[in-house]
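Colleague: just need the structure, nothing else, for what follows:
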Amino acid sequence: MHVLISYDVSTETAAGRRRLRKVAQACQDFGQRVQKSVFECSVNEAQFEEVVRRLVEIIEKTEDSLRVYRLVEPKEKYVQVYGLDGSVDFDEPLVL
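Modeller: Residues are numbered from 1 along each chain as shown. Prediction:
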């Protein structure tokens with residue numbers, strides 16, 4: 001399944017800046033950054049539950065915001081990109 005994760009972490013304190021880095025790293029473990037605080041992920045059900053669990057453990061619910069959207073398949077039919085598009089097709093072979 002394809003999901004979109006967006007977050008807004010308060011960075012007014014050192015702890016907030018650490019949370020921001022942790023949230024970004026957790027998202028990078030499951031997908032790719034498409035904007036500063038937005039990630040697209042291609043995950044199975046177990047991975048979906050894992051990334052959400054990790055993120056909820058990191059954020060401070062009284063200061064931060066986390067949104068997770070399941071994208072309608074096929075994503076290409078419903079997602080329109082204007083401007084820079086650094087997205088990767090998760091279904092194609094990765095060539096380094």
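
Colleague: ok, and what's touching stretch 47-59?
Modeller: Among residues not part of stretch 47-59, those counted as contacts by Cβ atoms under 8 Å, 6 or more residues apart in numbering are 1, 3, 5, 7, 9, 19, 22-23, 26-27, 29-30, 41, 43, 65-66, 68. Quick note: C-beta positions are derived from backbone N, CA and C, even for glycine.

Colleague: just the CA trace of the helix or strand hosting V51, in CSV.
Modeller: Using DSSP states H and E, V51 maps to helix 45-58. Extracted in CSV, the C-alpha atoms of helix 45-58 (Å, rounded to 0.1, in the frame of the first residue of the first chain):
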residue,chain,number,x,y,z
GLU,A,45,0.4,-3.9,6.6
ALA,A,46,3.1,-4.9,9.1
GLN,A,47,5.4,-2.1,8.0
PHE,A,48,2.5,0.3,8.1
GLU,A,49,1.8,-0.6,11.7
GLU,A,50,5.5,-0.4,12.6
VAL,A,51,6.1,3.1,11.2
VAL,A,52,3.0,4.5,12.8
ARG,A,53,3.9,2.9,16.1
ARG,A,54,7.5,4.3,15.9
LEU,A,55,6.3,7.8,15.0
VAL,A,56,3.6,7.9,17.7
GLU,A,57,6.3,7.0,20.3
ILE,A,58,8.5,9.8,19.1
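
Colleague: buried sites along the helix or strand containing R18?
Modeller: With secondary structure defined by DSSP H and E, R18 is part of helix 14-28. Across helix 14-28, burial judged by 16 or more other Cβ atoms under 10 Å covers R19, L20, K22, V23, A24, A26, C27.

Colleague: please report how far the second one lies from R70.
Modeller: It stands for L20. Look at L20 and R70: by Cβ to Cβ, to the nearest Å, they are 24 Å apart.

Colleague: what's the answer for the fourth one, then?
Modeller: Taking Cβ to Cβ as the measure, V23 falls 19 Å from R70.

Colleague: could you do the first one as well?
Modeller: For R19, the distance to R70 under the criterion Cβ to Cβ works out to 24 Å.

Colleague: next one: the fifth one
Modeller: A24 is 21 Å from R70, where distance means Cβ to Cβ.

Colleague: starting at the chain centroid, how far to the helix holding R18?
Modeller: On the basis of Cα atoms, centre = their mean, to the nearest Å, helix 14-28 sits 12 Å off its chain's mean C-alpha point.
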